[in-house]
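# Return atomic coordinates for the entry below.
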Amino acid sequence: MDVKVIKTDEEYNQALKRLECIFDAPQDTPAGDEAELLGVLIEKYEDEHYPIEAPDPIEAIKFRMEQMNMDNQDLAEVIGYKSRVSEIFNRKRKLTLKMIRNLHDKLKIPYESLISDYK
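The predicted structure is shown next:
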């Protein structure tokens, strides 16, 4: 096992190929330990070089609604009035603190996704 910090795209690609080879290695074996360590190093490199921004709050709500097979009427029960749903989706009204809390509590949308700035 010759694992080192990933600094270049070439090293990143080599690490991905190696991880693919040993991905199913049993835990608490040299190959399993190497796979776990490579996973951490790859994740660190990706976080630094390919960051994923938090989703737009409206898109996060729509995505979660789709996952839960919800419609606008269902969402209206979470945030208040049906007209509010339309105003929020058309970006004519911002989410209130109470709406954010309800969306987090009832739809399990992370606060970080709901409080991001949006237009």
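
# roughly how far is the helix or strand hosting residue 13 from the heart of the chain?
According to DSSP states H and E, residue 13 maps onto helix 9-22. Here helix 9-22 is found 23 Å from its chain centre; the criterion is CA atoms, centre = their mean, to the nearest Å.

# Name the residues of that helix that are buried.
Neighbour-count burial for helix 9-22 flags 12, 15, 18, 19, 22 (criterion: 16 or more other CB atoms under 10 Å). Backbone N, C-alpha and C define where each C-beta goes, glycine included.

# what's the answer for stretch 95-102, then?
Neighbour-count burial for stretch 95-102 flags 95, 99, 100, 102 (criterion: 16+ other CB under 10 Å).

# before we move on, what about stretch 106-118?
By 16+ other CB under 10 Å, the buried positions in stretch 106-118 come out as 107, 109, 113, 114.

# Straight-line length of it, end to end?
22 Å (CA to CA, to the nearest Å).

# what's the answer for stretch 110-118, then?
16 Å.

# List of residues touching it?
54, 55, 56, 57, 58, 60, 61, 91, 95, 100, 103, 104 (CB atoms under 8 Å, 6 or more residues apart in numbering).

# Quick one: residues contacting the fourth one.
To tie it back to what came earlier, the one meant is residue 57. Contact partners of residue 57, counting by CB under 8 Å, 6+ apart, are 95, 113, 114, 115, 116, 118.

# Tell me if I'm right that the first one and residue 88 touch.
So the one you mean is residue 95. Yes - using CB atoms under 8 Å as the test, residue 95 is close enough to residue 88 to be in contact (6.5 Å).

# Can you pick out the most distant pair from the contacts of stretch 110-118?
91 and 104 (20.1 Å; CB to CB).

# Looking at those two, which is more packed in?
Set residue 91 next to residue 104 and count neighbours by other CB atoms under 10 Å: residue 104 wins out with 16 against 11.

# Out of the contacts of residue 57, name the ones that lie in strands.
Of the contacts of residue 57, none are assigned to strands by DSSP state E.

# Let's see which of these end up in helices.
113, 114 (DSSP state H).

# how distant is the strand or helix carrying residue 101 from the center of its chain?
According to DSSP H and E, residue 101 maps onto helix 97-107. Offset of helix 97-107 from its chain centre (CA atoms, centre = their mean): 18 Å.
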